[in-house]
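Peer 1: My questions are about this predicted structure, shown below with the sequence.
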Amino acid sequence: MQLHVVILAAGKGTRMKSARAKVLHEVAGQSLIEHVLAAATALKPATVTVIIGHQGETIREALRAHSHVAFVVQEPQLGTAHALLTTETRLGEKSGTLVLLSGDVPLLRVSTLEKLVETHRAAQAAATVLTTNLADPKGYGRIVRASDGRIARIVEDRDASVEEQAIHEINGGIYAFDLDGLFAAVRSIGANNAQREYYLPDLVSVFRKAGRPVETVVTDMPEEILGVNSRQELAIMNRIARDAVNKALMASGVTLEDPATTYVHPDVRVGPDTVIHPNVSLERGTIVGSGCDIHSGARLVGAIVGDRAVVLNHCLITDSTIGSDTSVGPFAHIRNGATLAPHAKVGNFVELKKTALGPKSKAMHLAYLGDAVIGERVNIGAGTITCNYDGVHKHLTTIEDGAFIGSDTQLIAPVTVEKDAYVGTGTTVRHNVPAGSLAISAGKQRNVSGWVERRKKTLSTKSSE
Ligand code: UD1
Ligand code: CA
């Protein structure tokens, strides 16, 4: 039997107070709607349709990579039933099961969706509603059951009587429908309610009155059907998602000194016996080996870190590779495809951009190394700068094995310092330095004796004038 998925994402998301479409806000480093799409795709549906309206074009653009997704526009937005009707031209002739999801419900589990579809098909139901019990059901549609315990109808919070408001079982807004007769039933729904909207949950009473079976699946994990309607709910979702990631990391042998301030993207991998200190962010694509120490304030984005590496406090490492047994920071900035070979060391206030630092090489203090290829056992002195940019093009600096670069050196690229060469402190290297040579460019030092005394006298005569 065919399965079709429809995702509701046309609503305004007024309470987010955002210029960005609500479903494009992120939980655990991924937009709300991408979470929903991931769950939908796992069901291997024949079609996926996203209903857009408010800020629809930005949603379409954001999902461009998902080529199997079709979009329909709902304009104006007259309610959730009206939204589903916009898919009739695409799905009206189809048969099988339609699964309806909400673009703002990011934590829904695939296993729950599978259970929804199984229950629905086994009962040959017209509709099956995903529900849960909430201590505070305010704002949600309530599940009203008949005396035989079967679902009779759903009443929206605003339309509920005092007795109905006391019901804790709520509508999760996620349904499975039988496509046969679905759109005819949706068209029979009126808008005689507090919001003057066409409510999809009214389908329950429509089907029940027609004598068609309606089922429910109750989840005991309420988080998975919580929707995001405000920034506060967004933060709550993020915390729930983060807790789950952190728990899994600890279960796999990673020490988190303070899980409450550890931010790890779900696609990040970390090896056992690595210690993550408080206030660390490991963002998308990062892989950390085993036995590492990642200290407070570090932020790694797309970073590959080898075993036993130490990342000291307040480093920013983006799209770069840190080899095994290396040490980086504190306060280092490693970016744009920089690589540190095993046993290399980078100290405080050092920036590496698109630079390869060879095995056992060191840049311990205050340096900018951009577009450079640096060999083994090279020592980069404090304050060394590669002048890689001439205002138009970027140029390469090559420093071969065993070279020594004295403090406060400027390397004007393109330039090469050959094997075992030695660059004196304060040198401006404009030409290649041959292997084994010493390069010095600073002028000769001159001491002027008695200068300070003479200057003091001139200054005091001037101030008394
Ligand atoms: C809806 C349900 C409620 C349920 C709750 C679960 C209705 C009438 N009520 O309420 O029973 O407890 O979800 O979260 O369905 N949307 C459109 N077009 C529209 C209106 C809404 O695409 O014309 C989309 C929204 O973008 C959103 C989803 O439908 O993704 C739900 O709409 P929303 O207004 O958030 O409904 P709730 O009041 O939360
Ligand atoms: Ca909602």
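Peer 2: Sure thing, it's come through. Note that the structure is a prediction, hence the values are computed from the model and not measured. Ligands and ions are numbered 1, 2, ... in the order given.

Peer 1: Flag the shaky bits of the stretch 351-465 of the chain, pLDDT-wise.
Peer 2: Residue ranges of the stretch 351-465 of the chain with pLDDT under 70: 465.

Peer 1: Bridge partners for the closest residue to ligand 1 within it, pull those for me.
Peer 2: Nearest to ligand 1, among the residues of the stretch 351-465 of the chain, is residue 353, at 42.4 Å (C-beta to the nearest ligand atom). Just so you know, the C-beta spots here come from the backbone N, C-alpha and C atoms, and that holds for glycine as well. Beta-bridge partners recorded for residue 353 (DSSP bridges): residue 335, residue 370.

Peer 1: Ok, the one 4 residues further on next?
Peer 2: With DSSP bridges applied, the residues forming beta bridges to residue 357 are residue 340, residue 374.

Peer 1: three-state assignment of the residue of the stretch 251-400 of the chain found nearest ligand 1?
Peer 2: When scored by C-beta to the nearest ligand atom, the stretch 251-400 of the chain has residue 266 as its residue closest to ligand 1, at 22.4 Å. Classification of residue 266 by DSSP: H, G, I helix; E, B strand; the rest coil places it in coil.

Peer 1: so it makes contact with residue 245?
Peer 2: Yes. Under the criterion of C-beta atoms under 8 Å, residue 266 makes contact with residue 245 at 5.4 Å.

Peer 1: what residues does this protein put near ligand 1?
Peer 2: 8-11, 51, 74, 77-80, 82-83, 102-104, 140-141, 154, 156, 170-173, 199-201, 227 (C-beta under 6 Å from any ligand atom).

Peer 1: Filter those residues down to the ones in helices?
Peer 2: Assigned to helices by DSSP state H, the following of these qualify: 80, 82-83.

Peer 1: possible to save those residues as JSON lines with neighbour count and pLDDT?
Peer 2: Shown next, in JSON lines, are these (neighbours: other C-beta atoms under 10 Å; pLDDT from 0 to 100):
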{"residue": "80", "neighbour count": "25", "pLDDT": "96"}
{"residue": "82", "neighbour count": "20", "pLDDT": "97"}
{"residue": "83", "neighbour count": "25", "pLDDT": "98"}
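
Peer 1: which one among these gets closest to residue 219?
Peer 2: Residue 219 lies nearest to residue 80 out of those, by C-beta to C-beta, at 19.9 Å.

Peer 1: Enumerate every residue touching the closest residue to the closest one other than its chain neighbours.
Peer 2: When the adjacent residues along the chain are set aside, residue 80 lies closest to residue 200, with 3.8 Å between them (C-beta to C-beta, 6 or more residues apart in numbering). Going by C-beta atoms under 8 Å, 6 or more residues apart in numbering, residue 200 touches 79-81, 83-84, 100, 175, 186, 189.

Peer 1: what ranges of the protein fall below the confidence cut-off?
Peer 2: The chain contains residues with pLDDT under 70 at 465.

Peer 1: Tell me where it has helices.
Peer 2: So, for the chain - with DSSP H - the helices run 32-42, 56-62, 80-85, 88-91, 110-122, 162-165, 182-187, 203-209, 231-251, 451-464.

Peer 1: I'd like to know which elements the third one is packed against.
Peer 2: Using 3 or more C-beta pairs under 8 Å, 6 or more residues apart in numbering; DSSP states H and E, the elements in contact with helix 80-85 are strand 3-9, helix 182-187.

Peer 1: who touches both of residue 266 and residue 245?
Peer 2: residue 28.

Peer 1: higher neighbour count, the two?
Peer 2: Neighbour count, other C-beta atoms under 10 Å: between residue 266 and residue 245, residue 245 has more, with 20 against 15.

Peer 1: What about the closest residue to residue 68 other than its chain neighbours, how many residues nearby?
Peer 2: Leaving aside its sequence neighbours, residue 68 sits nearest to residue 48 (C-beta to C-beta, 6+ apart; 6.0 Å). Neighbourhood size, residue 48 [other C-beta under 10 Å]: 23.

Peer 1: Quick check, the residue in the stretch 101-250 of the chain closest to ligand 1?
Peer 2: Across the stretch 101-250 of the chain, the shortest distance to ligand 1 (C-beta to the nearest ligand atom) belongs to residue 141, at 2.3 Å.

Peer 1: Let me see the contact set for the closest residue to residue 24 other than its chain neighbours.
Peer 2: Of all residues not flanking residue 24 in the chain, residue 31 sits nearest, at 4.9 Å (C-beta to C-beta, 6+ apart). Residue 31 makes contacts with 23-25, 62, as judged by C-beta under 8 Å, 6+ apart.

Peer 1: OK, contacts around residue 6?
Peer 2: Each residue near residue 6 by C-beta under 8 Å, 6+ apart is listed here: 48-51, 84, 87, 91, 98-101.

Peer 1: now do 10 Å
Peer 2: Counting by C-beta atoms under 10 Å, 6 or more residues apart in numbering, residue 6 touches 40, 45, 47-51, 70, 72, 83-84, 86-87, 90-91, 98-101, 175, 177.

Peer 1: Can you tell me which of these are buried?
Peer 2: Buried by 16 or more other C-beta atoms under 10 Å: 40, 45, 47-51, 72, 83-84, 86-87, 91, 98-101, 175, 177, out of those.

Peer 1: Which of those fall within strands?
Peer 2: Per DSSP state E, strands hold the following members of the buried ones among the contacts of residue 6: 47-51, 72, 98-101, 175, 177.

Peer 1: ok, the spatially most central residue of the chain to residue 376 distance?
Peer 2: Closest residue to the average C-alpha location of the chain: residue 29 at 1.8 Å, with C-alpha atoms, centre = their mean. Counting by C-beta to C-beta, to the nearest Å, the gap from residue 29 to residue 376 is 37 Å.

Peer 1: Residue 189 too?
Peer 2: Taking C-beta to C-beta, one finds residue 189 at 74 Å from residue 376.

Peer 1: of the two, who's got more company?
Peer 2: The residue with more neighbours, out of residue 189 and residue 376, is residue 189; 22 against 17, by other C-beta under 10 Å.

Peer 1: The more buried one: what's it in contact with?
Peer 2: Counted by C-beta under 10 Å, 6+ apart, residue 189 has contacts 79-82, 84-85, 197-203, 205-206.

Peer 1: Run a quick neighbour tally on residue 461.
Peer 2: Neighbours of residue 461 under the rule other C-beta under 10 Å: 9.

Peer 1: Roughly how far does it sit from residue 449?
Peer 2: Taking C-beta to C-beta, one finds residue 461 at 21 Å from residue 449.
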